[in-house]
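Asker: What shape does this take:
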Amino acid sequence: MEEIEPKTGKYALKYGIILGVIGIVLSLMLYSQDLHYQIDLKRLFINLLLSLTFIVVGGSLAMIEFRKVNNDFISFRQGLKIGVGVALVSGIIGILFNFILTEIIDPETTEKAINYASEMMLDAGMSKNDVDKAMEDQKNQNPFKQLGMGLIFSIILGFIGSIIPALIIKKQENLN
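Answerer: Here you go, the predicted model:
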């Protein structure tokens with residue numbers, strides 16, 4: 001009787017949901033402190049570093065679990081699929097929650113973010129006209145473009161964060 005190989009999507013979905021829920025909890029923590037709209041270079045870097053760390057850890061755990069149920073074998077390709085899938089699922093959850101947060105829970109988030117960014121730019125020495133122009137561009141952004149960019153960013157981050165774990169965790173069957 002032939003064994004059925006487990007599906008990588010099952011593990012990507014499971015760990016993607018876990019990471020998505022963790023992301024929601026972190027977002028709610030920021031919201032409770034009224035910091036959810038404050039984006040500057042330092043916070044952006046910390047957010048990127050945390051996201052990459054979560055993707056590496058979550059993707060690695062998913063790859064290890066997949067390998068255990070797959071007779072202790074996982075190819076680099078399977079590992080990469082799982083890691084990118086984890087990032088994509090968690091990214092979709094994050095994007096959906098962000099939409100709920102900014103449109104339903106706190107519809108003034110965009111205005112708060114624009115005011116915060118304006119203050120930061122003025123403090124950095126930009127002229128009032130340059131700040132007004134930059135903020136006008138921010139107000140007129142296409143939400144579908146932002147959605148697409150968020151998904152692309154999730155996939156790229158998932159790919160980057162999955163390469164090394166997939167190389168380390170892979171274990172091929174001996175075909176001799």
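
Asker: Now do Leu157 against Leu80, distance only.
Answerer: For Leu157, the distance to Leu80 equals 13 Å [CB to CB, to the nearest Å]. For every residue, glycine as well, the C-beta is placed using N, CA and C.

Asker: what comes up buried for the lowest-mean-pLDDT helix or strand in the chain?
Answerer: Across the helices and strands of the chain, mean pLDDT, DSSP states H and E gives its lowest value to helix 128-139, namely a mean of 78. Applying a neighbour-count criterion of 16 or more other CB atoms under 10 Å, the buried positions in helix 128-139 are 131, 135.

Asker: cool, stretch 111-125 as well?
Answerer: Quick answer for stretch 111-125 (16+ other CB under 10 Å): 113-114, 117-118, 121.

Asker: Give me the contacts around it.
Answerer: Defining contact as CB atoms under 8 Å, 6 or more residues apart in numbering, one finds that stretch 111-125 is touched by 37-40, 106, 128, 130-131, 134-135, 138-139.

Asker: Nearest to Gly148 among the residues you listed?
Answerer: Using CB to CB, Gln138 is the member of the contacts of stretch 111-125 that lies nearest Gly148, at 17.1 Å.

Asker: that older thread, using CSV, lay out the buried residues of stretch 111-125 together with pLDDT and distance to Val86.
Answerer: Converted to CSV, the buried residues of stretch 111-125 look like this (pLDDT from 0 to 100; distance: CB to CB, whole Å):
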residue, pLDDT, distance to Val86
Ala113, 84, 28
Ile114, 82, 33
Ala117, 83, 31
Ser118, 84, 36
Met121, 85, 36
